[in-house]
Structure formats: structure tokens, C-alpha cells
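S.K.: Pasting the sequence and the predicted model now:
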Amino acid sequence: MEATQQPEETKDKVSKKEMKRIQKKLNRKLAQGISALVRAEKKEKDDLISEEPTNKLFVFHFGNGDEEDQRVLMEYCKQFGPIETIPLFPGLNYGFLEYPEVQQAKDLMNSLQDGKFIDLKFYDKIRTCCFQYSKVEYDQMDKFKSMEFPNSTYKVDIDGLYVIEDFVSEEESQAAKEWLDSQEWIKLMNRRVQHFGYEFVYGANDVNKTDKIRDMPDQENETFKAINDRINDALKGFYFNSEKEAVRVFDHNGTKIKEEVKSVDSMDNYFDEIGEFDQLTVNDYIPGQGIPPHIDTHSPFEEVFVALSLNSEATMTFKSAEETKHISLKPRSLMIFSGEGRYNWLHSIPTRKFDKVNGLIKSRRRRISLTYRKLRSNPVCACRWPRMCDSQNKEVAVDENKLVGEGDEVKLDASSSNIEQKHVYDVYEKIAPHFSNTRYKPWPKVQEFLESLPDGSINCDVGCGNGKYLSCAGKNVLSIGTDRSFNLTSIARERNQGSQTFVCNSLNLALRDQVFDSVISIAVIHHFSTKELRIQAINELKRICKVGGKILIYVWAFEQERKFATQDVFVPWHLYNKYDKQEEGKKEVNIEKNTGFIETAIEDETKKATIYHRYYHVFKKGELEELIDQINGLDIKKSYYDHANWCVILEKTEH
Ligand SMILES: O=C(O)CCC(=O)C(=O)O
Ligand SMILES: [Fe+2]
Ligand SMILES: [Zn+2]
């Protein structure tokens with residue numbers, strides 16, 4: 001009958017004639033694909049592929065293997081039997097699928113012959129790929145075995161991290177995805193994003209707190225409303241312990257999970273105190289995309305946050321100072337971040353198209369994640385992980401009242417206050433070897449100044465530190481270095497054989513008047529905490545300099561990439577214990593939480609480092625010149641900006 005010989009071309013089926021044409025093309029492609037496979041595996045063709053039906057199939061040439069290709073192919077192949085994933089071999093244009101039954105693989109192969117199963121929605125993709133029965137399991141293939149990417153598990157064994165599987169339904173997931181796709185995506189380098197509530201500022205890794213850019217999606221969409229309510233319920237299991245840390249006492253079903261917590265009656269409920277999430281970042285990754293290792297900044301966001309995964313599995317890699325762990329996030333699962341998992345482990349989605357999960361290679365598809373966070377009302381974090389804590393690491397404003405230690409009299413033009421003692425002199429003494437190891441390269445403009453000194457000059461480096469400038473001037477220039485730090489002057493002497501260095505305070509130099517042809521003061525005067533002391537220090541530079549001599553001063557600038565809230569700041573120094581000889585074998589270290597930056601150093605157990613805070617007065621533009629104007633007999637020859645410093649070259653015109 002004509003109708004069977006020549007099936008009518010319908011809108012949604014492909015004709016036999018068309019199939020034949022495609023088939024011819026595909027046979028050529030198949031041959032190419034198989035030779036690529038043989039090359040990659042370095043095996044005989046007959047050891048790899050089978051002419052007889054098996055339950056395993058290679059699939060060659062399916063587009064570029066991106067998310068859309070994957071999705072269409074999966075949908076097509078699922079018509080014939082259950083398959084979980086189509087692993088692709090990274091860098092090669094073939095993948096692998098496996099059915100429970102041989103017949104199911106056969107059905108797929110037949111579908112390509114008669115076009116019966118090829119809906120037009122598959123047509124574009126399926127007509128470009130070809131299949132062949134396989135003799136080997138893909139995990140028995142050399143290519144698979146030699147592929148190196150880390151194995152991930154579903155096991156979450158990091159303190160404070162929890163996963164709730166099947167947190168949203170398939171329908172909710174689909175609806176959420178569709179709604180998000182109806183909104184505008186923002187393109188980033190390696191993914192797309194959307195922000196709700198407050199805006200997340202990349203670079204600063206902070207949040208713009210001034211106003212909300214838009215409502216949270218639960219205000220606009222029913223599915224998000226349902227998800228939101230469920231997230232709130234998950235949060236309700238958290239209570240504050242006496243250290244104000246969030247502890248998950250009940251899981252999302254209300255089952256008690258922390259037995260050591262005897263009574264929650266006396267504990268404040270986290271959710272009651274903190275409330276709902278008010279910032280949402282949606283990330284959209286296609287296979288091959290990811291997010292670099294980071295910790296969600298401590299200070300802008302409350303301790304607990306959650307990330308909901310949609311649509312595709314992907315591995316999240318967690319890194320602490322000691323360990324790396326890989327956890328596969330299932331679609332529709334919710335990961336809760338709190339405690340150490342939130343504060344002390346970097347997390348990332350590595351940029352890959354595949355993950356190896358429990359030994360199986362899984363191709364990623366498009367993945368959407370929703371990270372819900374809550375802005376802190378008081379944006380200061382006091383966690384137990386200072387190494388990763390921006391609050392405890394950033395320079396902190398110095399309390400005006402504390403500039404002078406209690407009960408201290410500041411002797412204005414004679415000696416320094418408590419601030420210099422504790423936060424400059426003592427700190428540099430401690431950090432000297434470590435500090436010195438990081439300061440070895442002379443800045444070119446300082447070097448240039450020193451090289452320009454005429455033969456026979458005597459130069460003084462006031463605050464010479466590790467002496468990196470003591471050997472910069474010409475051979476026939478004598479450089480003498482002074483520093484308040486005994487340890488730094490010793491290092492300076494070791495580094496510069498034959499040089500003269502000695503310990504003294506820049507406010508009272510133990511040097512006669514008018515001895516030097518030139519004097520340099522690099523990164524010193526910003527360590528004095530009052531204007532009077534800073535003038536006193538410059539006066540000393542002038543005093544020891546000859547009339548007609550040159551003085552070079554560098555001070556740290558307020559105006560620089562690093563943002564300072566105020567001009568008087570404590571800047572942290574992480575002293576790794578390997579540099580801290582004095583602390584060796586000493587177990588007890590003064591641990592001071594929260595207010596550590598004012599009182600004492602903080603022991604950071606995670607990286608075996610101690611954090612010290614150095615006092616700085618950062619100079620605003622013109623401020624250095626203003627100080628100099630208050631001193632007679634100094635002529636400003638040049639003012640400039642160099643390496644985040646304000647700099648001047650002065651000439652002494654009269655004594
Ligand atoms: O995609 C994810 O699950 C993680 C997203 C994330 O880490 C973030 O937005 O900070
Ligand atoms: Fe994150
Ligand atoms: Zn913190």
C-alpha cells in the first residue's frame with residue numbers, strides 16, 4: 001500500500017526518505033567516531049565495539065555536548081529505557097550510555113533506522129549523532145581510568161554543614177527555573193547571576209546596604225513563596241549557644257540532632273532573633289562553568305545561609321587550611337552553611353563539564369543555585385576563625401580615647417605613647433624575621449634618590465628596618481641606619497656587611513646636629529599617633545641633616561586601593577608561628593576574641609599564626625606638606641605619590 005511505503009510527511013515525524021539520507025551521512029561520522037575512540041583507547045576496534053546488540057552504547061558526535069545537547073539526548077534516550085546519565089569523555093566527542101536491557105539499546109538503534117521515534121523536537125540534535133554497541137563498560141576504559149578529577153561523595157562531614165535532599169519537588173524546581181528565566185540574567189565571566197533583596201557587590205565581596213535593589217522573589221511568585229516558607233522552617237532548628245554561635249539542635253523535621261544540648265529553653269532561637277533571609281544570589285552555570293574558591297564574607301552576612309541546587313548535580317569543593325573535600329550537590333537539595341563550614345572552609349564549583357561521583361562520571365547539565373543570606377544588622381563578625389574573618393583582619397578604626405593609654409601622659413615632644421609601644425615597637429620586635437622576609441625589594445624611586453647622592457656623602461636611614469636601602473647608594477656613600485627595633489637592626493646588620501646600624505627612637509635620635517648630607521625616612525612617620533609626634537619626628541630628620549642637605553620622606557597614603565574607614569587604623573599582621581621562635585614549645589597563648597585587635601594578639605589555631613595589629617596614621621593628600629610647613633628651614637623640592645605612599649624630597653635651608 002502506498003501509505004506504508006511512503007509514509008506521509010507529518011509536522012512532527014521525519015520521513016523514511018529523509019532518514020535514509022541522514023543515515024548515509026551518519027555512517028561516515030560513525031567511522032570517524034570509532035577511529036577517534038580506537039586512538040584514544042589504544043585498543044583494537046573489535047575489543048571496543050560490538051556488531052551484536054549489547055545493553056551499552058557509545059554515542060558519537062552529539063553537537064558540542066553542552067547543556068542543551070545533553071538535555072535533548074537524555075530525553076531521547078530515556079524513551080527506550082531508564083538511564084541516569086550520559087558520561088562524556090572530557091576532550092573527546094563521544095559519550096556512553098547503558099540500559100538495563102539489551103532490548104532497550106536495540107530499540108534505540110532501530111529508532112534511528114525507521115525514524116519512528118524521532119520527534120521533530122529531537123530532530124536537529126539526533127540527526128547529527130550516531131550510536132554503536134559497546135563491548136566494555138566505560139569505567140573499564142583506559143581513558144576513563146586515566147582521567148584525573150577528584151572523586152566526590154554525598155557525605156557531608158564538615159562541622160556546621162548540612163544537606164537536605166529533595167528539599168523542593170520536581171515541579172517546584174521547574175517552576176522556579178522558568179520564572180528565573182523570565183527575569184533578566186546578568187552575565188559574569190564564568191556564570192550568570194541574578195540578585196534579589198540587597199545587591200551583592202563583586203570585587204568588594206560585600207553587599208550594598210543602602211537600599212534594596214528589588215524584592216525577594218517570594219513577593220512575586222508562589223513557588224518561591226512555598227520554598228521560602230520551607231527554608232524558614234529549616235532555620236528554626238537553630239539556637240544560639242552561650243558563645244552566640246548558631247547550633248542546629250533540630251533538623252527540618254523537628255528531630256533533635258544535638259543531644260549534648262540539654263535544654264533549648266534557656267537558649268535563644270536563631271530565627272526569632274535574626275529573621276528571614278533578605279538577600280538572594282542566583283547563580284546559573286552551564287557545564288564547564290563554576291565559581292572560584294571563596295568564603296562568603298563574614299561581616300556583611302549572618303552566620304547561617306543556605307544554597308539550593310536546581311536542575312543538575314555538581315561537585316562543590318571545600319578547602320580548609322589542612323584538607324580538601326568534594327561533595328556532590330544533588331539537584332533539589334538544600335545545603336545549610338553554619339559554623340566552621342561557613343566560616344573556615346573555602347567553597348567552589350570547579351569549572352568542569354564532568355564530575356566523578358562515587359566513582360561514576362557524571363556529565364553536568366545546566367545548574368542553577370540559589371544562595372539565601374541575611375544581612376547583619378551590626379556588620380561585625382566575632383567568629384572563632386580569625387584567619388578567614390574580614391572583621392578580625394581588616395584594619396580597624398582606632399578609638400580616639402585609646403590613642404593614649406589610660407593614665408598615660410603624652411610628653412609631646414619627647415616620648416611616644418602606649419600606642420607606639422604596643423602597636424609599633426612591640427609588634428615589629430616580634431614580627432621582625434617574618435616581616436623582613438617580605439621586604440627585600442627596594443622601591444625604584446627611593447633607590448634612584450640614593451644613587452643620585454654624590455660620592456663622599458654621609459646618608460642616614462632613620463627607621464631602616466631590615467636595611468634594604470643601606471646598600472643602595474653608591475660605593476662611596478656611607479649609609480648609617482637606625483631603627484627602634486633591636487631585631488630589625490640586627491637583621492639589617494647581617495644583610496649589609498660592614499654597615500653601621502644601631503637602635504634608637506626616631507623621636508630622639510642619638511646623633512649630633514647637622515652630620516648628614518642626606519636623610520631618608522621610609523614608612524616610619526605614619527606610625528606616630530599624634531600630629532605633635534609626627535612633627536617631632538620630622539624635626540629630628542631636619543636636625544641631623546646639614547644645611548643644604550636632602551631629606552626624603554615616605555608615608556602611607558589614605559588614598560589607595562585599600563579602603564580605610566578612618567585615618568587612624570590598626571593593620572593586622574599574620575605572624576606564622578614558624579617565624580615565632582619565642583613561642584616555640586609554648587602552648588598557652590593569650591586568646592582574645594572580639595576585641596583582640598585592641599588588647600592583644602589573637603592566636604589563630606587554624607594556620608598556626610598569631611595576628612598582631614600595627615598602628616598607622618594614613619596621610620591624606622597634602623597632609624605631609626602641611627606638617628612640613630610648620631617647621632622652619634625646610635624647603636619642599638618635590639611632592640609625589642609612589643607605591644601607595646605620599647612622598648616628599650626636602651632641602652634643609654637653615655638650621
Ligand atoms: O552555586 C553554589 O551552590 C554556590 C554559590 C556560592 O557559593 C555563592 O553564591 O556564594
Ligand atoms: Fe559562596
Ligand atoms: Zn568571622
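M.R.: Right, received. Where do you want to start? Predicted model, so just to flag it, every value in this text is computed and none were measured. Numbers count the residues shown, from 1 in each chain. Ligands and ions are numbered 1, 2, ... in the order given.
S.K.: Which residue ranges make up the domains of the chain?
M.R.: 22-148, 161-373, 418-652 (automatic domain parsing).
S.K.: How far away from the center of its chain is the first one?
M.R.: Average the C-alpha atoms of domain 22-148, do the same for its chain, and the two points are 39 Å apart (Cα atoms, centre = their mean, to the nearest Å).
S.K.: rewinding a little: is it possible to export the domains of the chain to JSON lines including mean neighbour count, mean pLDDT and distance to ligand 3?
M.R.: All C-beta spots, glycine's among them, are computed from the backbone N, C-alpha and C. Below are these laid out as JSON lines (neighbours: other Cβ atoms under 10 Å; pLDDT from 0 to 100; distance: least, Cβ to the ion, whole Å):
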{"stretch": "domain 22-148", "mean neighbour count": "17", "mean pLDDT": "82", "distance to ligand 3": "34"}
{"stretch": "domain 161-373", "mean neighbour count": "18", "mean pLDDT": "90", "distance to ligand 3": "3"}
{"stretch": "domain 418-652", "mean neighbour count": "18", "mean pLDDT": "84", "distance to ligand 3": "10"}
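S.K.: Export those as JSON lines, with columns for distance to ligand 1.
M.R.: Converted to JSON lines, these look like this (distance: least, Cβ to the nearest ligand atom, whole Å):
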{"stretch": "domain 22-148", "distance to ligand 1": "15"}
{"stretch": "domain 161-373", "distance to ligand 1": "3"}
{"stretch": "domain 418-652", "distance to ligand 1": "20"}
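S.K.: Could you tell me the end-to-end distance of stretch 507-518?
M.R.: 18 Å (Cα to Cα, to the nearest Å).
S.K.: and the domains of the chain as a markdown table, adding distance to Gln392?
M.R.: As requested, the domains of the chain are exported to a markdown table (distance: least, Cβ to Cβ, whole Å):
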| stretch | distance to Gln392 |
| --- | --- |
| domain 22-148 | 37 |
| domain 161-373 | 8 |
| domain 418-652 | 7 |
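S.K.: so what's Asp211 closest to, chain neighbours aside?
M.R.: Of all residues not flanking Asp211 in the chain, Tyr198 sits nearest, at 8.0 Å (Cβ to Cβ, 6 or more residues apart in numbering).
S.K.: hang on, isn't that neighbour packed against Arg376?
M.R.: No. Contact criterion Cβ atoms under 8 Å: Tyr198 and Arg376 do not qualify, at 11.4 Å.
S.K.: just to revisit the earlier point, and Met388, which of the domains of the chain is closest to it?
M.R.: Of all the domains of the chain, it is domain 161-373 that lies closest to Met388, at 5.2 Å by Cβ to Cβ.
S.K.: how much distance is there from that closest one to the middle of the chain?
M.R.: 16 Å.
S.K.: list the contacts for the residue nearest to Asp211?
M.R.: Taking Cβ atoms under 8 Å, 6 or more residues apart in numbering, we find Tyr198 in contact with 207-209, 211-213, 278-279, 375.
S.K.: how about 10 Å then?
M.R.: Contacts for Tyr198 (Cβ atoms under 10 Å, 6 or more residues apart in numbering) come out as 207-214, 216, 278-281, 300-301, 373-375.
S.K.: ok, now Leu541?
M.R.: 460, 462-463, 506, 509, 516, 519-521, 524-525, 549, 551-553, 631, 634, 650, 652.
S.K.: just checking, Gln23 is part of a helix?
M.R.: Yes. Secondary structure of Gln23 (DSSP: H, G, I helix; E, B strand; the rest coil): part of a helix.
S.K.: surely it meets Phe131?
M.R.: No. Between Gln23 and Phe131 there is no contact under Cβ atoms under 10 Å: 11.8 Å.
S.K.: what residues are shared contacts of those two?
M.R.: 30, 112.
S.K.: re the thing from before, in strands only, show me the contacts of Leu541.
M.R.: Of the positions in these, 460, 462, 516, 519-521, 549, 551-553, 634, 650, 652 sit in strands, assigned by DSSP state E.
S.K.: from those residues, which is closest to Ile257?
M.R.: Ser521 (60.3 Å).
S.K.: Against which helices or strands is whatever helix or strand Val571 lives in packed?
M.R.: Val571 belongs to strand 568-576 when elements are defined using DSSP states H and E. Packing partners of strand 568-576 (3 or more Cβ pairs under 10 Å, 6 or more residues apart in numbering; DSSP states H and E): helix 390-393, strand 396-397, helix 426-438, helix 596-599, strand 602-604, strand 609-617.
S.K.: if we can go back for a sec, out of the ones in strands among the contacts of Leu541, what pair is the most spread apart?
M.R.: It's Cys460 and Leu634 that sit farthest apart of those, by Cβ to Cβ, at 15.9 Å.
S.K.: Now do the strands in the stretch 101-250 of the chain.
M.R.: For the stretch 101-250 of the chain, the strands defined by DSSP state E, counting those that start in this stretch cover 130-133, 151-152, 161-164, 186-187, 192-197, 199-201, 206-208, 238-240, 246-248.
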